[in-house]
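Q: sequence and predicted structure are below.
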2 protein chains.
Amino acid sequence: MNGTAPGRLLLVPNTLDHGAQAVAIESVLARGVIEQAAALRHWAVEDARSARAFLKRVAAVTPLAAPLQELSIVELPRPRKGSREEVAPAAWSALLAPALAGHALGLLSEAGLPAVADPGANLVAAAHAAGLPVVPLAGPSALLLALAASGLNGQSFAFVGYLPQEADARIRRLRELETLSRQQRQTQLFIETPYRNPALVTALLAALQPATRLAIGCGLTLPQGWSGCRTVGAWRLEPPEVPERLPAVYALLAG
Amino acid sequence: MNGTAPGRLLLVPNTLDHGAQAVAIESVLARGVIEQAAALRHWAVEDARSARAFLKRVAAVTPLAAPLQELSIVELPRPRKGSREEVAPAAWSALLAPALAGHALGLLSEAGLPAVADPGANLVAAAHAAGLPVVPLAGPSALLLALAASGLNGQSFAFVGYLPQEADARIRRLRELETLSRQQRQTQLFIETPYRNPALVTALLAALQPATRLAIGCGLTLPQGWSGCRTVGAWRLEPPEVPERLPAVYALLAG
């Protein structure tokens, strides 16, 4: 890493145990990826505290290029709380300064692949606009692990983020997704904040058709993780227990 | 692994270098995943030849539980060529025999996560129907790496598989995806057989609107891999070179 090397943005995957008990980092991340993370001196991260925790786990496998406190770790800008304003493009470009100066810059999320369901996509877009190479390192995505474990249609699927929180709006959205799934033969994936998992499961079993297949991937890659897929009718006879403390991904395919 | 242990189906990720020069397996797969693969004696695979090649790479990192030729490696059933008949459900259940007898059974695709864009999803569904635990092991998906590297909307995205081969039908499908992307603010991902990459790029640049953003993730995790994202108008001035021998993932987001 020096001024003549080409700068670039490395998308560094994290483990999937955010908010749960830590797993061994080498159970989910490749040695080569851990080594590339250890070599980075510049980071743009979703959360500095969890990034430092990640780097400590990296350091336990392979030495960091510099002591943790000497690394540059900058958090991604966020819109002011309650504001609907977007972060100004200049704020994203400023974060790229190390890469524009010829360094490798790591982008890290709190869990899984950065820039998939977090604000990092703006930094990736800014890197492309600046002509910087964007290099995604191999790592797991809870969304895709849940899809693979569902046995539902993996040739056509959509991830739609979070459902509305308000009860009536959530039911309408679920029925809309069910109809879309039936018309397009497309698996629909969505997530929920862990503490709302039990309420979402209740809503799913109430709102969806009995023949719709519903898959749940809960705490995947964790020791207590599990996956299940049944028709809504079958789940109603034996409702799934999705704890408030584990991340879960939901997938449905209308019958 | 014995008759009293619970059988289960392990979804084992493969590397992403199928059809290209092999990368170091430890650059993309976690040590823990490689060790779990090495411990398996029973496999259901998309292709036996590539599965044996994968297991040789595994064996170079950690010893296999038994010599390669003593492992049970069974290919997934395929519909007869040219037939539109589906494989009978009994054929999938038969593959699960080792798991039903209390063994761990590995499911392996030619590249990336099994059961996402390959026939393995049927085996996963059969495992759920038989009440067997389904355990996805952490590994990369070319689709999600391409999405992360695109900088496009990762909060809402769809994978739609292959586009039609016939020119007019392909243009209609592309315009349909573009409209859908605009209406739903949803990134649309698709793939193509590598040797048709150049023809697809030509079609994309001809059919899509200049303001639509088009991302290409080509040979991701390979040394010669690259990612790019520009508007269609900008790509027209400097068309991307997507070789006939590298797997590529395409993503568009209408402007």
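A: Nice, I can see it. Residues are numbered from 1 along each chain as shown, chains lettered A, B, ... in the order given.
Q: A:Ala39 contacts A:Ala65, correct?
A: Yes - here A:Ala39 reaches A:Ala65: they are 5.1 Å apart, a contact under Cβ atoms under 8 Å. The way it works is simple: take the backbone N, C-alpha and C, and place the C-beta from them, glycine included.
Q: for A:Val160, see how far away A:Arg196 is.
A: 16 Å (Cβ to Cβ, to the nearest Å).
Q: A:Asp118 now?
A: 16 Å.
Q: need the contact list for A:Gly154.
A: A:Gly154 makes contact with A:Leu147, A:Ala148, A:Thr187, B:Ala115, B:Val116, B:Ala117, B:Asp118, B:Ala121, according to Cβ atoms under 8 Å, 6 or more residues apart in numbering or on different chains.
Q: show me which of A:Arg196 and A:Val160 is the more surrounded one.
A: A:Val160 (19 against 16; other Cβ atoms under 10 Å in any protein chain shown).
Q: let me see the backbone angles for that one.
A: Note on A:Val160: backbone dihedrals following degrees, to the nearest 10 are phi -110, psi 10.
Q: residues touching the nearest residue to it once chain neighbours are set aside, list them.
A: Leaving out its chain neighbours, the residue that sits closest to A:Val160 by Cβ to Cβ, 6 or more residues apart in numbering or on different chains is A:Phe190, at 5.2 Å. A:Phe190 makes contact with A:Phe159, A:Val160, A:Gly161, A:Tyr162, A:Leu163, A:Leu177, A:Val249, A:Tyr250, A:Ala251, according to Cβ under 8 Å, 6+ apart.
Q: show me the contacts for the last one.
A: When you say that, I think you mean A:Ala251. A:Ala251 sits next to A:146-147, A:150, A:152, A:157, A:187-190, A:214-217, A:229 when contact means Cβ under 8 Å, 6+ apart.
Q: among those residues, which one has the most neighbours?
A: A:Ser150 (33 neighbours).
Q: got phi/psi on A:Ser156?
A: Dihedral pair for A:Ser156: phi -150, psi 110, per degrees, to the nearest 10.
Q: need the contact partners of the helix or strand of chain A with the lowest mean pLDDT.
A: Lowest mean confidence among the helices and strands of chain A (mean pLDDT, DSSP states H and E): helix A:89-95, at a mean of 88. With contacts defined as Cβ under 8 Å, 6+ apart, helix A:89-95 is touched by A:Ala44, A:Val74, A:Leu76, A:Pro77, A:Leu105, A:Asn122, A:Leu123, A:Ala125, A:Ala126, A:Ala130.
Q: same question, stretch A:36-52
A: A:1, A:10, A:12, A:14, A:18, A:54-55, A:58-59, A:61-66, A:68, A:70-76, A:95, A:98-99, A:103-110, A:114, A:118-120, A:123, A:137.
Q: the lengthiest helix in chain A packs against which elements?
A: Scanning chain A for the longest helix, with DSSP state H as the assignment, gives helix A:167-184. Applying 3 or more Cβ pairs under 8 Å, 6 or more residues apart in numbering or on different chains; DSSP states H and E, one finds that helix A:167-184 contacts strand A:187-191, helix A:197-207, strand A:248-253.
Q: need the phi and psi values for whatever residue of the stretch 151-255 of chain A ends up closest to chain B.
A: Closest residue of the stretch 151-255 of chain A to chain B, Cβ to the nearest Cβ: A:Gly151 (3.3 Å). Backbone torsions of A:Gly151, given as degrees, to the nearest 10, read phi 70, psi 10.
Q: near it, how many other residues are there?
A: As a burial measure, A:Gly151 scores 28 neighbours (other Cβ under 10 Å).
Q: so among the contacts of helix A:89-95, where is pLDDT lowest?
A: Confidence by pLDDT is poorest for A:Pro77 among the contacts of helix A:89-95, given 89.
Q: sorry, back to before: for the least confident helix or strand of chain A, which positions count as buried?
A: The neighbour-count check on helix A:89-95 (16 or more other Cβ atoms under 10 Å in any protein chain shown) flags A:Trp92, A:Leu95 as buried.
Q: check which element follows it along the chain.
A: helix A:97-100 (DSSP states H and E).
Q: so how far is that following helix from its chain's centroid?
A: From the chain centre to the centre of helix A:97-100 is a distance of 25 Å (Cα atoms, centre = their mean, to the nearest Å).
Q: rounded mean pLDDT for that helix, please.
A: 96.
Q: that one and chain B in contact?
A: No - shown here: helix A:97-100 not in contact with chain B (Cβ under 8 Å from any Cβ of the partner chain), separated by at least 13.8 Å.
Q: buried set for that helix?
A: For helix A:97-100, a neighbour-count test (16+ other Cβ under 10 Å) marks A:Pro98, A:Ala99 as buried.
Q: which strands and helices sit next to the helix or strand that comes right after it?
A: Remark: after helix A:97-100, the chain's next helix or strand is strand A:104-108, criterion DSSP H and E. Counting contacts by 3+ Cβ pairs under 8 Å, 6+ apart, strand A:104-108 is packed against strand A:8-12, strand A:42-45.
Q: identify all contacting residues around the longest one.
A: When you say that, I think you mean strand A:8-12. With Cβ under 8 Å, 6+ apart, strand A:8-12 has contacts from A:33, A:36-37, A:40, A:96, A:99, A:104-108, A:113-115, A:120, A:123-124, A:127, A:132-137, A:139, B:145, B:148-149.
Q: one step back: distance between the least confident helix or strand of chain A and the chain's centre?
A: Distance, centroid of helix A:89-95 to centroid of chain: 22 Å (Cα atoms, centre = their mean).
Q: same deal with stretch A:65-83?
A: 18 Å.
Q: so where's chain A uncertain?
A: A:1-5, A:79-85 (pLDDT under 70).
Q: quick check: the residue nearest to A:Pro247 when sequence neighbours are not counted vs A:Ser141, distance?
A: In space, and not counting its chain neighbours, A:Pro247 is closest to A:Pro194: 5.7 Å by Cβ to Cβ, 6+ apart. According to Cβ to Cβ, A:Pro194 and A:Ser141 sit 17 Å apart.
Q: for A:Leu222, same thing?
A: Counting by Cβ to Cβ, the gap from A:Leu222 to A:Ser141 is 15 Å.
Q: for those two, indicate the residue with more neighbours.
A: Relative neighbour count places A:Ser141 above the other of A:Leu222 and A:Ser141, with 30 against 19, counting by other Cβ under 10 Å.
Q: ok, the more buried one - contacts?
A: Counting by Cβ under 8 Å, 6+ apart, A:Ser141 makes contact with A:Gly112, A:Leu113, A:Val116, B:Ser141, B:Leu144.
Q: phi, psi of it?
A: Dihedral angles (degrees, to the nearest 10) for A:Ser141: phi -120, psi 130.
Q: check the one 4 residues further on too.
A: The phi/psi pair for A:Leu145 (degrees, to the nearest 10) reads phi -60, psi -40.
Q: more neighbours: A:Ala39 and A:Ala65, which one.
A: Between A:Ala39 and A:Ala65, counted using other Cβ under 10 Å, A:Ala39 has the larger neighbour count: 17 against 12.
Q: mind listing what the residue lying closest to A:Ile25 once chain neighbours are set aside touches?
A: Leaving out its chain neighbours, the residue that sits closest to A:Ile25 by Cβ to Cβ, 6+ apart is A:Arg57, at 4.6 Å. Residues in contact with A:Arg57 (Cβ under 8 Å, 6+ apart) are A:Thr15, A:Ala22, A:Ile25.
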